[in-house]
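# pasting a predicted model and its sequence here:
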Amino acid sequence: GEDVEQSLFLSVREGDSSVINCTYTDSSSTYLYWYKQEPGAGLQLLTYIFSNMDMKQDQRLTVLLNKKDKHLSLRIADTQTGDSAIYFCAESKGTSGTYKYIFGTGTRLKVLA
Amino acid sequence: GAGVSQSPSNKVTEKGKDVELRCDPISGHTALYWYRQSLGQGLEFLIYFQGNSAPDKSGLPSDRFSAERTGGSVSTLTIQRTQQEDSAVYLCASSPRERDEQYFGPGTRLTVT
């Protein structure tokens, strides 16, 4: 389908790991992104992964990509209260001049102290 | 350096009036994107510019919406004869080139009464 799907809510305790999942639409999508949106702010790029990679690690963030299932996940280790935000996954696909970015609905992460 | 800026930050307008929303991208960024974020919804792609041309206008919801970009820099999104369902946060993003990661502005919150 045309929708990038994410669960709407996730609640974790401070110090635990958070895993946010995403199913995207097109196995030929070349870049997959995770963005973070804090209250009242615009989106901020957290990390991205190129489609020929299975995993990317960046400090507390680990991105896993399963191209066969079109599944993307973001793991946040040692989750902190400052990680509370909405997390969007997005894919970019197409060719020059026709690129399309499709964003998911966002997962609202709540970190409990 | 300066990020993406948008103005106004908030706009309240009466149903039927026209509004103009402005986006100043990061200097040197060739690609510019407009999105709409309704309450509790994900990002809805509206239009993107590569330079001054708009290869993809498919996301514009109706012919009341139009956008232009001049000098490869500033862009304006115009909504004519606003309706209550146009109420949303309108986000602008820019990227150095197509397919690069996007840098988002803080958004314009539009309320149509």
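Perfect, thanks for sending it. Keep in mind that what you see is a predicted model, and the values were worked out from it rather than measured.

# mind checking how far residue A:51 is from residue A:14?
As judged by C-beta to C-beta, to the nearest Å, residue A:51 and residue A:14 stand 33 Å apart. For glycine as for every other residue, the C-beta is placed from the backbone atoms N, C-alpha and C.

# which residues touch the spatially most central residue of chain B?
In chain B, the C-alpha nearest the mean C-alpha coordinate belongs to residue B:34, at 3.5 Å (C-alpha atoms, centre = their mean). Contact analysis of residue B:34 by C-beta atoms under 8 Å, 6 or more residues apart in numbering or on different chains lists B:23, B:46-48, B:67, B:75, B:77, B:90-92.

# cool, and residue A:113?
Neighbours of residue A:113 in contact, by C-beta under 8 Å, 6+ apart: A:14, A:81.

# ok, residue A:102 next?
So residue A:102 contacts A:2-4, A:24-25, A:90-91, A:93, B:45 (C-beta under 8 Å, 6+ apart).

# how about the helix or strand of chain A with the lowest mean pLDDT: buried residues?
One helix or strand of chain A scores below all others by mean pLDDT, DSSP states H and E: strand A:100-103, with a mean of 83. Going by neighbour count (16 or more other C-beta atoms under 10 Å in any protein chain shown), the buried part of strand A:100-103 is A:100-103.

# return the member of those residues nearest to residue A:34.
Distance to residue A:34 across these (C-beta to C-beta) is lowest for residue A:103, with 10.7 Å.

# gap between the closest one and chain B?
4 Å (C-beta to the nearest C-beta, to the nearest Å).

# go on, residue A:30?
Distance of residue A:30 to chain B, computed by C-beta to the nearest C-beta: 7 Å.

# list the contacts of the closest residue to that residue other than its chain neighbours.
Excluding the flanking residues, the one nearest residue A:30 by C-beta to C-beta, 6 or more residues apart in numbering or on different chains is residue A:51, at 5.2 Å. Neighbour list for residue A:51: A:28-32, A:65, A:67 [criterion: C-beta under 8 Å, 6+ apart].

# can you show me the CA trace of stretch B:105-113 as CSV?
Output in CSV follows, covering the C-alpha atoms of stretch B:105-113 (Å, rounded to 0.1, in the frame of the first residue of the first chain):
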residue,chain,number,x,y,z
GLY,B,105,11.6,24.5,9.9
PRO,B,106,9.5,25.0,13.0
GLY,B,107,6.2,25.2,11.0
THR,B,108,3.3,27.6,10.7
ARG,B,109,0.3,26.7,12.7
LEU,B,110,-2.8,27.7,10.7
THR,B,111,-6.2,28.0,12.3
VAL,B,112,-9.2,28.7,10.2
THR,B,113,-12.2,29.9,12.2
